[in-house]
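Student: no sequence on hand, only this structure:
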């Protein structure tokens, strides 16, 4: 027997992940925010849909510069990643404050976060849904991975202060790509 | 030192989850497909963006009926869920074939999948991005959960036949909703 579940908490069921850190730069000043609402949109070129609220400082930077980096943290960076999501970059230098290292990207002005095991350099491909849905379609134009990190764990948001750590990997026969 | 990562495999890094099973009905005939490309778009009313390829039988049904149910399986349903993603409902009755039980929904004609621990009844809220991005904005209008399932595990796709099982839950101080 099932019971009704409040619509206001639906996001805790379906909120995806991994939690990612989106870095940007405006006039040479780097910034970073954390988010968990994103989805792949296409395989290649890889398109990623990211929901970035217009209340976030990053929203305006993204509209202005059309560039960002999606950085994927392992769970050991969890506290820093979450802390980055709790304050605004309008008045704070989050890289300095949280001991994150900005590294020059190859194709965008936004920096890679060195501590993250994967970095995806992105251009905004379509911002027509940014007004209504806060949804940016990003095209990944260069991707980096740290080969020393084997089987990287990821962090997934379940709502409020609850996070799920990725568990074990299994193989299930599949014809999916 | 990071190394370049092929763009064609970016989706294996960022592909979210949980894997969900989307059920629909056309002229009283139920169907189901499996997908992992979705994201929350807004909290309340809950909006979910789902990428459903125009090669999928579900694409046309969704455009025609404007209704579906997002069903969330626990990992024990993994093989059935993946198998559902490997064949088309055009010629197969997937409910019968995989022993899934359709249950009448309250607000849409698409059935709930009884075996899944959570079911989200959805109306298509916006299909303007379906043409270009295969992206449907769904509004969840009723949600159900099985209260007997404590700490439900979830299944996450990492590309091809590789899946990640949800791991342990941790708390990290956060001001996120």
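Tutor: Right, received. Where do you want to start? The structure displayed is predicted, hence computed values, not measured ones.

Student: neighbours around the nearest residue to residue A:51 once chain neighbours are set aside, how many?
Tutor: In space, and not counting its chain neighbours, residue A:51 is closest to residue A:37: 3.9 Å by CB to CB, 6 or more residues apart in numbering or on different chains. Every C-beta, even on glycine, is put in place using the N, C-alpha and C of the backbone. By the criterion of other CB atoms under 10 Å in any protein chain shown, residue A:37 has 25 neighbours.

Student: residue A:37 and residue A:21: what is the separation?
Tutor: 13 Å (CB to CB, to the nearest Å).

Student: verify the stated contact: the residue nearest to residue A:51 with residue B:40.
Tutor: Yes. The pair residue A:37 / residue B:40 is scored as a contact, 4.9 Å apart, by CB atoms under 8 Å.

Student: and residue A:136, bridged to which residues?
Tutor: Beta-bridge pairing for residue A:136 (DSSP bridges): residue A:50.

Student: ok, it - how many residues close by?
Tutor: Residue A:136, neighbours per other CB under 10 Å, totals 26.

Student: how close does it get to chain B?
Tutor: Distance of residue A:136 to chain B, computed by CB to the nearest CB, to the nearest Å: 12 Å.

Student: can you give me the strands for chain A?
Tutor: Residue ranges of the strands in chain A, as given by DSSP state E, are A:3-4, A:20-26, A:29-35, A:38-42, A:47-51, A:67-72, A:102-103, A:112-113, A:118-126, A:135-145, A:155-157, A:162-171.

Student: any low-confidence regions in chain A?
Tutor: A:1-16 (pLDDT under 70).

Student: for the spatially most central residue of it, which non-adjacent residue is spatially closest?
Tutor: When chain A is reduced to its mean C-alpha position, the closest residue under CA atoms, centre = their mean turns out to be residue A:20, at 2.8 Å. Leaving out its chain neighbours, the residue that sits closest to residue A:20 by CB to CB, 6+ apart is residue A:70, at 5.1 Å.

Student: residues contacting the one you found?
Tutor: Residue A:70 makes contact with A:20, A:21, A:22, A:38, A:48, A:50, A:119, A:120, A:122, A:138, A:140, B:14 under the criterion CB atoms under 8 Å, 6 or more residues apart in numbering or on different chains.
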